[in-house]
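Enquirer: Provide a 3D model corresponding to the input given below.
(chains A and B)
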Amino acid sequence: MKKISILTLIVSLFVSTFVAANEVNIFNARHYKADGELYSKFTNLTGIKVNLINGKSGALEKRIISEGADSSADLYITADAGRCGAMDSKGTLQNGLTSTAIKAAVPKSFRTSKWVGIAKRARIIYYSPERVTGAELSGMTYEGLADPKWKGRLVIRKSSNIYNKSLVASLIKNNGKAATAAWAEGVVANMARTPTGNDRAQIMAVAAGEADIAVANTYYLALMLSGKKGPEQQAAAKKVKAFFPNQNDRGTHMNVSCAALVKGAPNKDNAIKLVEFLLTPESQEHFTNNTFEFPMIDGVSPSPLVVNNLGLDFKQDMKTKLASYGKNQAAAVEVMTAAGWK
Amino acid sequence: MRINFWYISSFVISLFVIIPILTVFSSFFESTSNYYQVLKDTFLMEYIFNSLILLVSVLLLTFLIGTGSAYLVSFYNFPFSNFFKWALILSFAVPPYIYAYSLTAFFENYGTAYTILKNLFGEGNYNQNIPKFDGLLGVVLSISFSLYAYVYILARASFLYQSQNIIDLGKNLGFTKFKAFYSIILPAARPAIVAGLSLVAMETLAEFGAVDFFSINTLTTGIYNSWIAFDDLAFANQLSFFLLLFIFALFILENLSRKNAKYHFNARSGFKQKQKIQLSGKKAFLAFFFCFLVLFLSFLFPLSQMMYWTIKFPENLFDLNTLDLLTNTLYLVILSSLMLIVFGLVSNYGNRVNKDKTLNILSTLSISGYAIPGVILAVAFITFIAWFDDSVVKNLGFISIKKVFIGSILGLVLVYFIRFYSLAYNGIKSGYEKINISVDESSYLLGYSKRKTFMNIHIPFLRNSLLFIGILVSLEIIRELPITLILRPFNFETFATTAYISASEDLLEAAAVPSLFLILIATFFIIVTSKYILRDNNE
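Expert: Residues are numbered from 1 along each chain as shown, chains lettered A, B, ... in the order given. Here you go, the predicted structure:
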């Protein structure tokens, strides 16, 4: 029995060490079914096998860093520019995502030479049309979330959430740290409850009457409206409207799902090919129709559910470089914690 | 002391298990702090506070549920009491993180509770009247209903050994039932209950899945976060110091209670079989109701929520590669339990034949892996391999060994081994303690070699213990989350990881299918082996 187990061990060891050569290894913190379908398409098209290790961003990053130059990781894909930026600042990424195809597809502020955005999402305000008037919302900005008129009316996720970190990081970039610290205190004072639950739970809190406004990403409302979450949530989503803040100045805060090229990637060329594939119009359309994100490239329109219910012609913040999200992560955590943002 | 095969094997096994445990603590002495002390103090207070509240509430709840139900099924006959006897251990099949998903699914705004109310009474705004079980309260309920079975099993085993004599004693003293329970039965079972509670406490401190799902920061997730997200080892060091304090206190408590546990098993001669009291009428109903409520809340509720979702969103069932997940899960279970049992046996035997102090201390230390949260053990393992590879292996001119250990089945099984070694080692040890040393001596007198004594006499004797340990380890590995999550290879998922990944992406409906399968498989394991877990006939 012992011999068998030792033998099995040795076999399994080899299986995981020597794998087929034409492949690309993704450390993946984005787990949509739609992504898997795209990867199969890529394999059929190019013959390159896509290997996945799924996990949350923190643990995956730790593994890439510990494995160092010996890491089998080619690409790190995650749903937040702040995480890609943080990996860059730790020196674990390399240049290479600079092909003409990539440069032509992705606007400058949404990429660096080491990581690029592959799909966009906006972090916006949801409100109850029954309890919030047009006058109250007129000219609303992220900065305005700290206005005392929202006292006891606002819900937003915990400060540990990566989307919130990136939003606050962008505010620090635009308004400075001191102003953002004061802002965070105002936001905490306005909260209708101690932060709990995910983005969708914030939207549902507004639908259920626990709060009047919520901050959440764009695709969640579309997801609920699609009926994929059941008829109750579909009905709930109809009680909530979307509002795009900062339309009169820099535009609405945008974040991306990003793909980063890992230093020492054993299959660098394949990794670049995959990123280029994800930026083709077909792939972008697949994203918009299934994950309800905004396309990264021009010429592809978002899902009708997003267009009809959220509106399309809003002004996106194209000015704030997404690389600043990573740089200001630590400061963002600091101001939120200091303000008592749970 | 003689150096022989058995000595060396036990020594090597114990040493292997200790190394990563030592890394956990040694790596804390590096300092890479970059946060303001003020903020850290805020965090520190929050983590300690959360861990304490969690610990106290879970202990209280598991004590009430576990001892209460064990008392009822051990001393009374009431409708279905024989069914509840084993059905109450089914909660083991539902890990806390799946319980957390069920709680959220049922009670959230527009969740299952809302749907039920809507179907019963028509449209209405029920959300504000539905209680919300999230945050710290959600974590407490998830852990308690999943883990009370530890207390139940041990308390029941202890009640079972209580003689009719002491119950009669209470009667003769004119005690009421409650007073007899409170001042005789409960104190006599105290060591067993404390042992059960300390297991619960250890698991509570180590808990990752449910705590992470409700984003409650405890010492364990705090260490993990400051390690992983902030790269702040100095702060992780501070946190782990407090976690260690907690764990040491528990260790001491558990050991003390175990020492005390020895005396009441000696009362063999005066043992009189207990007469179970027949309950009828209102009392029978109340006893039935309590046990049913526990079974319902701990097992039937999460099971039916997961089933309901699987039926409501059937597309998720077809999207899942069930066969692959099943093969992967069973592969890990078989490989790890074999390894644990074989090495646990060898190490125990080595200790038995050598009676060496150094070896004894080493073995005792090596079982502390169970006290270290899996998530921290996994990160420590990666850190250790990376350090060893960069500063030793490569300096000697060899090629990197990282891929052999990180992201491989080998690495995964090794860390399971470290984490669950104490289960195997202690389980086999308690089996061994029942084999008198004179058996060994007679065997040698008959001319058997050490090897032959081991193979032909000890192993057959230990068969039941080994089976029991196999089940325990299997259940742990089926439910295990953080180690698998951090260390698994490419394209390798289990039911646990699939459920977690879906849940963390706000796809709770998709998490229902793997969760359901996980519950069903674990239930199957439990039902098939319930007689070994309950051990009714004195082993």
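Enquirer: and residue B:297, what does it touch?
Expert: For residue B:297, the contacting residues are residue B:145, taking C-beta atoms under 8 Å, 6 or more residues apart in numbering or on different chains as the criterion. Backbone N, C-alpha and C define where each C-beta goes, glycine included.
Enquirer: do the helix or strand encompassing residue B:501 and chain A meet?
Expert: Counting by DSSP states H and E, the secondary-structure element that holds residue B:501 is helix B:495-504. Yes: against chain A, helix B:495-504 shows contacts by C-beta under 8 Å from any C-beta of the partner chain at B:497, B:501, B:502, B:504.
Enquirer: The first one contacts residue B:484, doesn't it?
Expert: Yes: with contacts counted by C-beta atoms under 8 Å, residue B:497 reaches residue B:484, the gap being 5.5 Å.
Enquirer: Report the closest residue of the stretch 101-250 of chain B relative to chain A.
Expert: In the stretch 101-250 of chain B, the residue that lies nearest chain A is residue B:127 (3.5 Å; C-beta to the nearest C-beta).
Enquirer: Hmm, that residue is touching residue B:115, no?
Expert: No: proximity of residue B:127 to residue B:115 does not meet the contact threshold set by C-beta under 8 Å, at 11.5 Å.
Enquirer: Look at the two and report which has more neighbours.
Expert: Between residue B:127 and residue B:115, counted using other C-beta atoms under 10 Å in any protein chain shown, the more crowded position is residue B:127 (22 against 17).
Enquirer: In space, what's closest to the more buried one - neighbours in sequence excluded?
Expert: Spatial nearest neighbour of residue B:127, excluding adjacent residues (C-beta to C-beta, 6 or more residues apart in numbering or on different chains): residue A:208 at 3.5 Å.
Enquirer: And for residue B:402?
Expert: In space, residue B:402 is closest to residue A:70, 4.6 Å off (C-beta to C-beta, 6+ apart).
Enquirer: Same question for residue A:336.
Expert: Beyond its immediate neighbours in the sequence, the residue positioned closest to residue A:336 (C-beta to C-beta, 6+ apart) is residue A:159, lying 3.7 Å away.
Enquirer: Would you agree the one you found falls within a helix?
Expert: No: going by DSSP: H, G, I helix; E, B strand; the rest coil, the assignment for residue A:159 is coil, not a helix.
Enquirer: Neighbours of it, how many?
Expert: Summarising burial for residue A:159: neighbours were counted as other C-beta under 10 Å, giving 21.
Enquirer: Please apply the same query to the one 10 residues further on.
Expert: A total of 28 residues lie near residue A:169 under the criterion other C-beta under 10 Å.
Enquirer: Ok, residue A:115 next?
Expert: Using other C-beta under 10 Å, the number of residues around residue A:115 comes to 30.
Enquirer: so who does residue B:251 touch?
Expert: The contact partners of residue B:251, taken as C-beta under 8 Å, 6+ apart, are B:198, B:368, B:371.
Enquirer: Looking at those, which is nearest residue A:60?
Expert: If you rank the contacts of residue B:251 by distance to residue A:60 using C-beta to C-beta, residue B:371 comes first, at 26.8 Å.
Enquirer: And the closest residue to the closest one other than its chain neighbours, how far from residue B:479?
Expert: Sequence neighbours aside, residue B:247 is the residue nearest to residue B:371 in space, at 4.7 Å (criterion: C-beta to C-beta, 6+ apart). The spacing between residue B:247 and residue B:479, counted by C-beta to C-beta, to the nearest Å, is 21 Å.
Enquirer: And for residue A:125?
Expert: On the measure of C-beta to C-beta, residue A:125 and residue B:479 end up 40 Å apart.
Enquirer: for residue A:138, same thing?
Expert: According to C-beta to C-beta, residue A:138 and residue B:479 sit 53 Å apart.
Enquirer: Looking at those two, which one has more neighbours?
Expert: Looking at residue A:138 and residue B:479 with other C-beta under 10 Å, you find the greater number of neighbours at residue B:479, namely 23 against 8.
Enquirer: Which of the contacts of residue B:251 fall in helices?
Expert: Per DSSP state H, helices hold the following members of these: residue B:198.
Enquirer: Just the element for the residue nearest the centre of chain B, please.
Expert: Averaging the C-alpha coordinates of chain B gives a centre point, and the residue nearest to it by C-alpha atoms, centre = their mean is residue B:203 (5.6 Å). When elements are defined using DSSP H and E, residue B:203 is found to belong to helix B:186-206.
Enquirer: what about that helix, average pLDDT?
Expert: Mean pLDDT, helix B:186-206: 86.
Enquirer: Same question for stretch B:68-76.
Expert: 93.
Enquirer: Run through who's touching it.
Expert: Identification of contacts with stretch B:68-76 by C-beta under 8 Å, 6+ apart yields B:78, B:81, B:84-85, B:88, B:148, B:151-153, B:155-156, B:159-160, B:167, B:181, B:185, B:274, B:276-279, B:287, B:290-291, B:294.
Enquirer: If any of those are buried, give me the PyMOL selection for them.
Expert: Selecting in PyMOL just the buried members of the contacts of stretch B:68-76, where the criterion is 16 or more other C-beta atoms under 10 Å in any protein chain shown, is done with this command:
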select buried, chain B and resi 78+81+84+85+88+148+151+152+153+155+156+159+160+167+181+185+274+279+287+290+291+294
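Enquirer: Which ones among the contacts of stretch B:68-76 map onto strands?
Expert: B:277, B:278 (DSSP state E).
Enquirer: residues contacting the residue nearest to residue B:402?
Expert: The neighbours of residue A:70, taking C-beta under 8 Å, 6+ apart as the test, are A:264, B:389, B:400, B:402, B:403.
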